[in-house]
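*Asks:* coordinates for the following, if possible.
(chains A, B and C)
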Amino acid sequence: MHVHHDQLEVRSHGKGLYEITDNVQSKIDKSGVRNGTVTVFVQHTSCSIVIMENADPTARHDLEQFFDRLVPENADYFTHDVEGGDDMPSHIRMVLTRTSETVPIMDGKMQLGTWQGIFLFEHRGVPNRRKFLVTIMGE
Amino acid sequence: MHVHHDQLEVRSHGKGLYEITDNVQSKIDKSGVRNGTVTVFVQHTSCSIVIMENADPTARHDLEQFFDRLVPENADYFTHDVEGGDDMPSHIRMVLTRTSETVPIMDGKMQLGTWQGIFLFEHRGVPNRRKFLVTIMGE
Amino acid sequence: MHVHHDQLEVRSHGKGLYEITDNVQSKIDKSGVRNGTVTVFVQHTSCSIVIMENADPTARHDLEQFFDRLVPENADYFTHDVEGGDDMPSHIRMVLTRTSETVPIMDGKMQLGTWQGIFLFEHRGVPNRRKFLVTIMGE
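*Replies:* This is a model prediction of the structure:
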């Protein structure tokens, strides 16, 4: 049993969900691991990683609308706004979601359910290059 | 050190919390692993897995009430409602909670705190068969 | 590849974020693992572990304010209040955040991003001793 680390960089252009399922599977293919787990870890505090419904774009649209209402920009009690109105909401949305996801690997493939995809959930309005570490443990 | 995968299926009959702690411990017993971790991964996007207070049913009741208020059915901005009013809220509740939990194993037992239990958090009203993968890594 | 478990106890004195990044790194140093993952698991249902912005205290202040508004004490529908007004909100805040975090280790160091820190997120008002298990897997 061994551990393999790899880096993944994803460009975002505004708030929303960006699917990275195929990027993660490619790292597993490259590692040669057939049986184990993959942990995808995002090295930022203003975006998240989530597993979400990947078939219907309207589900992603509604999710984004929900978060815009749940964590509004420019709440009157916010004091942390150095980088603009989406600065503090981005940290709160990250804490409400996830910094890493772990998925089982069998026969060399992630064992996602039929409708599950892995997504970068970008919380900032400006374009970004987001860095992930993909850690594959197994044999 | 080795990896063991096992499947777990749980029937739900409406929204709410269903404890699966004993089901997960049984899989560990079967694997023979004494020292390591277990990752429980749910292969759906309309239910979650959470670790929650397992002693007092009123705590689970209040949690369900909170989520019914936080993510109401039939919000006027929802566009994804193919499967009914609980369709979109189920995806949002999943993103706000978790798709997997990882728990340490020592001496063959999950090291949960005194009041911690592992639960399927069902977000759909109709009965379901929910599939989990239980991945045990250790020696 | 091996697994190392260690215990960590952190004292809290009221609601808020308490950084434990250095405590976790010390456990990794002690284990001698250079390459793998660390999983930090909190053995309670009334506090959380989160990865959060660690540079600016105002970001943590605003996060705490947000959660005080999102999950208010003494909601009229709460029935679980044996231990006071912050009892039920503490369980809900835990479900909305996380019970464990997993971070990659390379060259003996956690691969956190520039602004990422690991925090105990205490949801109770009274002083507490909080127990964590730190599980290091690797070689």
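
*Asks:* how about the strands in chain A?
*Replies:* In chain A, the strands defined using DSSP state E lie at A:2-13, A:16-19, A:36-42, A:47-53, A:100-106, A:109-110, A:116-122, A:127-138.

*Asks:* now do the closest residue in space to A:Val82 that isn't next to it in sequence against A:Thr79, distance only.
*Replies:* Closest residue to A:Val82 apart from its sequence neighbours, by C-beta to C-beta, 6 or more residues apart in numbering or on different chains: C:Asp56 at 7.4 Å. (Each C-beta comes from the backbone N, C-alpha and C, glycine too.) According to C-beta to C-beta, to the nearest Å, C:Asp56 stands 9 Å off from A:Thr79.

*Asks:* which of those two has more neighbours?
*Replies:* Remark: of C:Asp56 and A:Thr79, C:Asp56 carries more neighbours, 16 against 12, as counted by other C-beta atoms under 10 Å in any protein chain shown.

*Asks:* need the contact list for the residue in chain A that chain B sits nearest to.
*Replies:* The nearest approach of chain A to chain B comes at A:Gly113, 3.2 Å away (C-beta to the nearest C-beta). A:Gly113 is in contact with B:42-45, B:131, counting by C-beta atoms under 8 Å, 6 or more residues apart in numbering or on different chains.

*Asks:* report pLDDT for it.
*Replies:* Note on A:Gly113: pLDDT of 98.

*Asks:* I'd say the residue nearest to A:Val82 and A:His80 touch.
*Replies:* Yes - shown here, C:Asp56 and A:His80 form a contact pair, counting by C-beta atoms under 8 Å, at 5.9 Å.

*Asks:* what's the farthest-apart pair in the contacts of A:Gly113?
*Replies:* B:Thr45 and B:Lys131 (12.3 Å; C-beta to C-beta).

*Asks:* neighbour-wise, which of the two wins?
*Replies:* Neighbours per residue, other C-beta under 10 Å: of B:Thr45 and B:Lys131, the larger number sits with B:Thr45, 25 against 15.

*Asks:* what's near enough to touch that one?
*Replies:* A:51-53, A:113, A:115-116, B:90-91, B:94.

*Asks:* go again with 7 Å.
*Replies:* A:52-53, A:115-116, B:91, B:94 (C-beta atoms under 7 Å, 6 or more residues apart in numbering or on different chains).

*Asks:* would you mind listing which of these are buried?
*Replies:* By neighbour count, with 16 or more other C-beta atoms under 10 Å in any protein chain shown, those hold A:52-53, A:115-116, B:91, B:94 as buried.

*Asks:* need phi/psi at the residue of chain A positioned farthest from its centre.
*Replies:* Of all residues in chain A, A:Asp76 has its C-alpha farthest from the mean position, at 28.6 Å, by C-alpha atoms, centre = their mean. With angles defined as degrees, to the nearest 10, A:Asp76 shows backbone torsions of phi -70, psi -20.

*Asks:* contact partners for whichever residue of chain A sits closest to chain C?
*Replies:* For chain A, the residue closest to chain C is A:Gln43, as judged by C-beta to the nearest C-beta, at 3.2 Å. A:Gln43 makes contact with A:131, A:133, C:111-113, C:116, according to C-beta under 7 Å, 6+ apart.

*Asks:* what's the answer for A:Ser100, then?
*Replies:* Per C-beta under 7 Å, 6+ apart, neighbours of A:Ser100: A:39-41, A:49, C:102.

*Asks:* now those residues in CSV, with distance to C:Gly85?
*Replies:* Shown next, in CSV, are the contacts of A:Ser100 (distance: C-beta to C-beta, whole Å):
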residue, distance to C:Gly85
A:Thr39, 37
A:Val40, 38
A:Phe41, 36
A:Ile49, 34
C:Thr102, 33
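
*Asks:* is the residue nearest in space to the middle of chain A bridged to anything, and to what?
*Replies:* Nearest residue to the geometric centre of chain A (C-alpha atoms, centre = their mean): A:Ile49, 1.9 Å. Beta bridges link A:Ile49 to A:Leu120, judged by DSSP bridges.

*Asks:* and it, how close does it get to C:Val3?
*Replies:* To C:Val3, A:Ile49 is 25 Å away according to C-beta to C-beta.

*Asks:* tell me the residues of chain A that contact chain C?
*Replies:* A:1-3, A:5, A:39, A:41, A:43-45, A:77-80, A:88, A:91-92, A:95-96, A:99-100, A:102, A:133, A:135, A:137 (C-beta under 7 Å from any C-beta of the partner chain).

*Asks:* residues of chain A that sit close to chain B?
*Replies:* A:1, A:35-37, A:50-53, A:56, A:58-59, A:61-63, A:65-66, A:96-97, A:101-104, A:106, A:111-113, A:115-116, A:137-139.

*Asks:* pull the longest helix from chain A.
*Replies:* If you go by DSSP state H, chain A has its longest helix at helix A:57-70.

*Asks:* which neighbouring elements make contact with that one?
*Replies:* Applying 3 or more C-beta pairs under 7 Å, 6 or more residues apart in numbering or on different chains; DSSP states H and E, one finds that helix A:57-70 contacts strand A:47-53, helix B:87-96.

*Asks:* how about those, which one is nearest B:His123?
*Replies:* For B:His123, the closest of the helices and strands packed on helix A:57-70 is helix B:87-96, at 3.6 Å, according to C-beta to C-beta.

*Asks:* got the contact list for the closest one?
*Replies:* A:50, A:52-53, A:59, A:62-63, A:66, A:96-97, B:45-48, B:67, B:71, B:73, B:78, B:80-81, B:123-124, C:96.

*Asks:* and that helix, how far out from the chain middle?
*Replies:* From the chain centre to the centre of helix B:87-96 is a distance of 13 Å (C-alpha atoms, centre = their mean, to the nearest Å).

*Asks:* average model confidence for that helix?
*Replies:* 97.

*Asks:* got the confidence number for A:Val103?
*Replies:* 98.

*Asks:* in stretch A:95-111, which residues are buried?
*Replies:* A:95-105, A:110-111.

*Asks:* and if you look at stretch A:72-87?
*Replies:* Neighbour-count burial for stretch A:72-87 [16+ other C-beta under 10 Å]: A:75, A:78, A:80-81, A:86-87.

*Asks:* which one of the residues you listed sits closest to A:Val24?
*Replies:* A:Asp86 (26.4 Å).

*Asks:* what's the nearest residue to that closest one if we skip its chain neighbours?
*Replies:* A:Gly125 (5.2 Å).

*Asks:* dump the residue contacts of that neighbour.
*Replies:* Listed by C-beta under 7 Å, 6+ apart, the contact set of A:Gly125 reads A:14-15, A:86.
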